[in-house]
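Student: Predicted model, plus sequence, below.
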Amino acid sequence: MTWRDIAYKNVNDASRSRTLWLLTGLMAIVFVGYAAGHGRVGDESFTAFAEGLVSLAVLVLPLLGIFLGYRSVVDDRIDGSIRLALSMPHSRRDLLAGTFAGRSVVLLVPALVTLVVAGITGAVLYGTDGVVGFLWLLVVTALYGLAFVAIGVALSASTTTERRITYGATGGYLLLVSLWGGLVSFGMSVLHRFDGSVDSPDWVQLIELAQPREAYLRLLRLGLDIDVASDYVGSGTPVYIDWWTGLVLLALWVVVPLALGYRRFTGGDL
């Protein structure tokens with residue numbers, strides 16, 4: 001038996017518990033509902049619609065990704081079923097990889113399906129100018145969602161303390177989605193002794209871009225003519241701040257948390 005069996009079990013459990021269907025319904029309400037109502041809140045163009053859809057995705061996918069991952073391993077450790085799984089035999093690496101793969105499927109299938117339906121609805125209602133770039137939006141959004149599933153699963157594998165898991169999930173969402181930019185700005189203000197006339201060095205942009213949300217938005221600029229992440233585009237932008245930087249950073253948000261979670265998982269008791 002391999003990690004694929006663990007992944008299948010996660011998907012099957014989600015289907016039987018109706019988690020998959022609830023996620024599909026929720027995202028249909030958010031994404032398809034927005035597509036139907038965009039004309040009332042924004043310009044009736046496909047590009048403006050896509051930008052509005054992205055503003056929802058940057059908030060919803062992290063929340064759902066962390067929600068799906070943050071108890072995925074720790075619950076099995078608490079009830080003891082993880083010992084049975086590892087006796088079949090599965091290695092701890094198989095367990096972690098399979099859990100990540102399964103939870104990723106549970107998130108991405110409803111997300112991509114509802115986004116495709118939303119995109120078709122948007123094309124019908126607001127025209128097809130820019131619709132080709134929507135395919136790029138689907139690819140980048142999938143990577144963005146994977147990053148937060150990885151963070152949730154890694155957090156679940158790193159400890160058996162329920163309070164730490166809950167605080168970590170809540171704090172991780174707030175930091176990575178909302179607070180990152182403000183903390184960077186505050187840190188630079190402290191370094192500059194709150195002197196607003198001092199320009200921040202170029203490398204600060206790299207720290208800001210390291211936020212998953214910003215890396216996601218920068219990558220989107222490659223395929224969609226939208227105004228997001230405009231701070232990272234232009235003649236004055238450092239050479240190391242480009243679309244590929246966003247790609248590397250998002251990939252690191254998938255790999256590094258899983259690697260750290262695996263290290264804690266292998267060194268801990270079941």
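Tutor: Yes, it's here.

Student: what about the helix of greatest length in the chain, average pLDDT?
Tutor: If you go by DSSP state H, the chain has its longest helix at helix 92-126. The average pLDDT within helix 92-126 is 94.

Student: so what does the helix or strand that that helix is followed by touch, helix or strand wise?
Tutor: Counting by DSSP states H and E, the next helix or strand C-terminal to helix 92-126 is helix 133-158. On a contact count with 3 or more Cβ pairs under 8 Å, 6 or more residues apart in numbering; DSSP states H and E, helix 133-158 meets helix 46-69, helix 92-126, helix 162-173, helix 212-220, helix 243-267. Any C-beta I mention is one placed from the backbone N, CA and C, and that applies to glycine too.

Student: Tell me the spacing between A28 and V116.
Tutor: Going from A28 to V116 by Cβ to Cβ, to the nearest Å gives 11 Å.

Student: Can you name the residues that contact D227?
Tutor: Residues near D227 by Cβ atoms under 8 Å, 6 or more residues apart in numbering: E51.

Student: tell me the pLDDT at it?
Tutor: 82.

Student: Check which helix or strand it maps to.
Tutor: Applying DSSP H and E, one finds D227 in no helix or strand.

Student: do the same with L22
Tutor: Using DSSP H and E, L22 maps to helix 19-27.

Student: now that helix, how far from the centre of its chain.
Tutor: 17 Å (Cα atoms, centre = their mean, to the nearest Å).

Student: tell me which residues of the following helix or strand past that helix are tucked away?
Tutor: Scanning forward in sequence from helix 19-27 by DSSP H and E, the next helix or strand is helix 33-37. Residues of helix 33-37 classed as buried: Y34, A35 (neighbour count, 16 or more other Cβ atoms under 10 Å).
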